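Asks: Sequence plus predicted model, see below.
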Protein chains: 2
Amino acid sequence: MKTAITVAIVEDKEPIRQSLAILVDGADGFSCQATFETAEAALEYLPSHCVDVVLMDIDLPGMNGIDCVRHLKLLCPGTQFMMCTMYDEDETVFDALKAGANSYLLKRSPPHKLLEAITELYEGGAPMSSTIARKIASSFHINTSAPNELDVLTPREREILDRLSKGYSHKEVANELFVSPTTVRKHIFNIYEKLQVHSKVEAVNKYLGRR
Amino acid sequence: MKTAITVAIVEDKEPIRQSLAILVDGADGFSCQATFETAEAALEYLPSHCVDVVLMDIDLPGMNGIDCVRHLKLLCPGTQFMMCTMYDEDETVFDALKAGANSYLLKRSPPHKLLEAITELYEGGAPMSSTIARKIASSFHINTSAPNELDVLTPREREILDRLSKGYSHKEVANELFVSPTTVRKHIFNIYEKLQVHSKVEAVNKYLGRR
DNA sequence: ATCAAAATCATACAAATGCGGTATTGATGC
DNA sequence: GCATCAATACCGCATTTGTATGATTTTGAT
C-alpha cells in the first residue's frame, strides 16, 4: 500500500472536529495526524511536524483561519491548505486565496466529496465548492455593464485621483496643479459621488483596481 | 423527464466535433443543438438561438475562441461558456476568464467528466481541469517570499493595516476589533513610524505592494 | 449662438485624522 | 528580577478631510 496522505484539522467546534477526524482516519489512504482547537495551537505544533494537507476552519476564537494559513504557508511550504467553512462571502474567499489556500469547501459538502477533494488537492488540483469556483471565475470577467468605472470621470478628475493614489494631500495636489485647495476638494467630492465611495483609500482602490 | 441542457459546439476539427456531438446528444439530459466549424459561424447563428452551454475550442481558424466568447457573452448573457482546449498556458487561461468563460477543460479529460462538467456549469459552478484551477488559485497568492517591509509590523498592526486597506475608518476598525478608537489611532501612528509614511493611502500602498 | 458640462473658487461646519505625550498590563528574553 | 515590547487606553491640539451650498468662468458640442 502506498503512503497515506497525512492530514491535520483545525476546527474549534468539538463535534465537527471529531467527525472530520474519524472520516479522514477511517478512509483508506488517509491519515489524520493531528487536530487543533485553535490557530495558535496549530501554529505551535505544525511547523515542526508538517503534513500534506490541512483542513482549516475560518471562524476560530483568537486568530482566524486565514491568518493562520498565512503564517503556516511560510513555515510549511509543501503543505496544501483547504479552507473548510460555512461562509462564502467574497472578501473571505479572496483573502483566503491571497493567504495561500488552494482549496475552499463549504461545510455543506458531503463527506465523500471531502475525501475526493483532499486527494485532488494533494495531487496538484484546487478543489472548490461550485459557488466558490464561480465567484473566482467571475472575479476575472471584464465587466460588460461597467467596463471601466473610471470612464465616468473627467480627465481632470482622473488627474487628481492619480495624485491621490500617490498619497498626496489635498494641498499637495493643489500646488502641483496650480489650483486652489478648495477646487481640489470639490473635484474629489465629485469623484466620490461618481465612484460611490466616501474616502481616499476607497477611491484609490477603485482607481488602481483591487486584487 | 425534465428539460435537457441545450449545448452548442464550436470546434474546427471534424473528428473531435463529431465525437463531442455524439457524446452530448447520446447522453440523457443533454441535447446538442448545433455545431460550428468557425467562430464566425457561431456568432451568426447563436445570438438568435441561445443555448445553455457552449463548448468552445480556442485554436480556431480566423477568429479564435476567446474573442468569440467575448462577443457572444454580450449577445447571449444567459449562456455559459466552457473552454475546451489543448493549451493550458497562463495567458490563454486568464484571457478566457476575462472574456467571460466560466469553465476551462483540457481535452485530455475523459468523456464522463465532460458531461459532469457541463451539468456543474449549468447549475452555477465553474468546473476547471485541476491544473487550471491550481493556476487560478495561485494567481491570487500574495508574494510573501520577498523581503518584506511589513515584517517590522506586529500581527496586530498588520491586522489593522489590512482593515485600512479596505477603506475602513479608525472607528470602523475599532468596532470590528473590539478595542477603543484611540487604541487604533495609536497603532496606526506606530505603523506610520515603522513604514515611514504619513497617511493612510501611503501605508496602504506599501501594504498592497504598490510602488 | 446657445446650452451643457467641466473647471474654478468661496464659505462653512462637523468629523476624521496625524501627531505628541503618558500609563497600565502581560508576555518574552536576558 | 529586570528590561523590553506589544497591546491597551486616555487626553489634547492642529490639520485634513468629507459634506453641503452656491457661484463664476471655460470649453465643447449642437
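Replies: Thanks, I have the structure now.
Asks: Wait, a helix at A:Arg134?
Replies: Yes. Assessed by DSSP: H, G, I helix; E, B strand; the rest coil, A:Arg134 belongs to a helix.
Asks: Would you confirm that it contacts B:Pro127?
Replies: No. Under the criterion of CB atoms under 8 Å, A:Arg134 makes no contact with B:Pro127, lying 9.8 Å away. Using the backbone N, CA and C atoms, a C-beta is placed for each residue, glycine as well.
Asks: Comparing these two, which residue is more hemmed in?
Replies: Using other CB atoms under 10 Å in any protein chain shown as the criterion, A:Arg134 and B:Pro127 rank with B:Pro127 on top: 25 against 21.
Asks: Pull the number of nearby residues for the nearest residue to that one once chain neighbours are set aside.
Replies: Closest residue to B:Pro127 apart from its sequence neighbours, by CB to CB, 6 or more residues apart in numbering or on different chains: B:Ala117 at 3.9 Å. The number of residues packed near B:Ala117 is 23, by other CB under 10 Å.
Asks: Which positions in the helix or strand encompassing B:Ala117 come out as buried?
Replies: Using DSSP states H and E, B:Ala117 maps to helix B:111-122. Within helix B:111-122, the residues that count as buried by 16 or more other CB atoms under 10 Å in any protein chain shown are B:Leu114, B:Leu115, B:Ala117, B:Ile118, B:Thr119, B:Glu120, B:Leu121, B:Tyr122.
Asks: Tell me the gap between the lowest-mean-pLDDT helix or strand in chain A and the middle of its chain.
Replies: The weakest-scoring helix or strand in chain A, judged by mean pLDDT, DSSP states H and E, is helix A:65-75 (a mean of 85). Offset of helix A:65-75 from its chain centre (CA atoms, centre = their mean, to the nearest Å): 12 Å.
Asks: Equivalent analysis for stretch A:196-211, please.
Replies: Worked out by CA atoms, centre = their mean, stretch A:196-211 lies 18 Å from the chain centre.
Asks: Run through who's touching the least confident helix or strand of chain A.
Replies: With contact meaning CB atoms under 8 Å, 6 or more residues apart in numbering or on different chains, helix A:65-75 is reached by A:10, A:39, A:42-43, A:46-47, A:54, A:56-60, A:79, A:81, A:83, A:85, A:92, A:95-96, A:99-101, B:144, B:155, B:159.
Asks: who's in contact with A:Lys13?
Replies: A:Asp57.
Asks: Report all helices and strands that the helix holding B:Ala117 contacts.
Replies: In terms of contacts (3 or more CB pairs under 8 Å, 6 or more residues apart in numbering or on different chains; DSSP states H and E), helix B:111-122 is packed against strand B:5-10, helix B:14-26, strand B:53-56, strand B:80-85, strand B:103-106.
Asks: need the next SSE after the fourth one, C-terminal direction.
Replies: Right, strand B:80-85. Taking DSSP H and E, what comes next after strand B:80-85 is helix B:90-99.
Asks: That next one versus helix B:65-75: what angle between them?
Replies: Taking axes from the mean of the first three to the mean of the last three CA atoms, to 10 degrees, one finds helix B:90-99 and helix B:65-75 inclined to each other by 10 degrees.
Asks: Quick one: mean pLDDT for helix B:90-99?
Replies: Mean pLDDT, helix B:90-99: 89.
Asks: now stretch A:182-200
Replies: The model assigns stretch A:182-200 a mean pLDDT of 92.
Asks: if you look at it, does any of it touch DNA strand C?
Replies: Yes. Stretch A:182-200 comes into contact with DNA strand C (CB under 7 Å from any atom of the strand), by way of A:Thr182, A:Thr183, A:Arg185, A:Lys186, A:His187, A:Ser199.
Asks: can you put the residues you listed in CSV and add neighbour count and secondary structure?
Replies: Output for the residues of stretch A:182-200 next to DNA strand C, formatted as CSV (neighbours: other CB atoms under 10 Å in any protein chain shown; DSSP: H, G, I helix; E, B strand; the rest coil):
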residue, neighbour count, secondary structure
A:Thr182, 10, helix
A:Thr183, 15, helix
A:Arg185, 15, helix
A:Lys186, 13, helix
A:His187, 23, helix
A:Ser199, 14, coil
